[in-house]
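> quick one, what's the 3D model for this:
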Amino acid sequence: MGTPYTYTRYRYKPSHEWESRRDWQNGTTPAMNNSRMRMIHFCCLLLCWMAFPLQGLEIFDQEEVEYINSNTTATVGGSVILECGSTMPAIFIWGFTKQGTDNNVAVAYNYGQGPKIQSQSSRLGLMQVQVNTSALVIEELQRVAEGTYTCQALYDTDNGAKTTFYFHRLDMMDD
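Predicted coordinates for the structure are as follows:
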């Protein structure tokens, strides 16, 4: 009969959703395309936003990446300080991986404009970045805070950038 459409024709609807014939053929809905487009725009903005502080940093030697592991035990309802090096890095990102999963979720970061705490970190306890450091402080620890915390630190040195990963395995015990 006829061949499938190979072009996309968009029609703007008052509800601010885009619709195309390709959507109908692929079985996708306009809402799926909107969320996909929002995610693409968000990723592009995030990459552009991150590019500015990273402009002068260049990693000359891949051997400059260092990995440091530690284990910590804390009590439910207590507090813990997780270090991210002895000196303040130019940029750092704290991530959390729940025990038994591979999903690493950002909980705090500093791209050179002051530390920021992600809202999803509140389920782990009261979280903050210690003043003038990159250490992560968690108070009123919850049982779900057990897992691996990773600090990815980027140091700007006279010999170029140096990257260090600090892995903290946090085990929780009852009070």
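
> pull out the buried positions in the longest strand along the chain.
Longest strand in the chain, counting residues (DSSP state E): strand 160-173. Neighbour counts over strand 160-173 (16 or more other C-beta atoms under 10 Å) mark 161-164, 166, 168, 170, 172 as buried. Where C-beta positions appear, they are placed from N, C-alpha and C, glycine not excepted.

> turn the residues you listed into CSV, columns for pLDDT and distance to residue 77.
As requested, those are arranged in CSV below (pLDDT from 0 to 100; distance: C-beta to C-beta, whole Å):
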residue, pLDDT, distance to residue 77
161, 86, 39
162, 90, 37
163, 93, 35
164, 94, 31
166, 96, 25
168, 96, 19
170, 97, 14
172, 94, 10
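
> for this structure, just list every one of the strands.
11-12, 18-19, 66-75, 80-82, 91-98, 104-110, 116-117, 126-129, 136-139, 147-157, 160-173.

> pLDDT below threshold where in this structure?
Within the chain, the ranges that satisfy pLDDT under 70 run 1-63.

> and with 50 instead?
Flagging of the chain using pLDDT under 50 yields the residue ranges 1-29, 31-33, 43, 48, 51-55, 57.

> one step back: now do the longest strand of the chain: which elements does it pack against?
When contacts are defined as 3 or more C-beta pairs under 8 Å, 6 or more residues apart in numbering; DSSP states H and E, strand 160-173 sits against strand 66-75, strand 80-82, strand 147-157.

> same list, those, but as TSV with distance to residue 137 and mean neighbour count please.
Shown next, in TSV, are these (distance: least, C-beta to C-beta, whole Å; neighbours: other C-beta atoms under 10 Å):
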stretch	distance to residue 137	mean neighbour count
strand 66-75	12	12
strand 80-82	5	17
strand 147-157	12	19
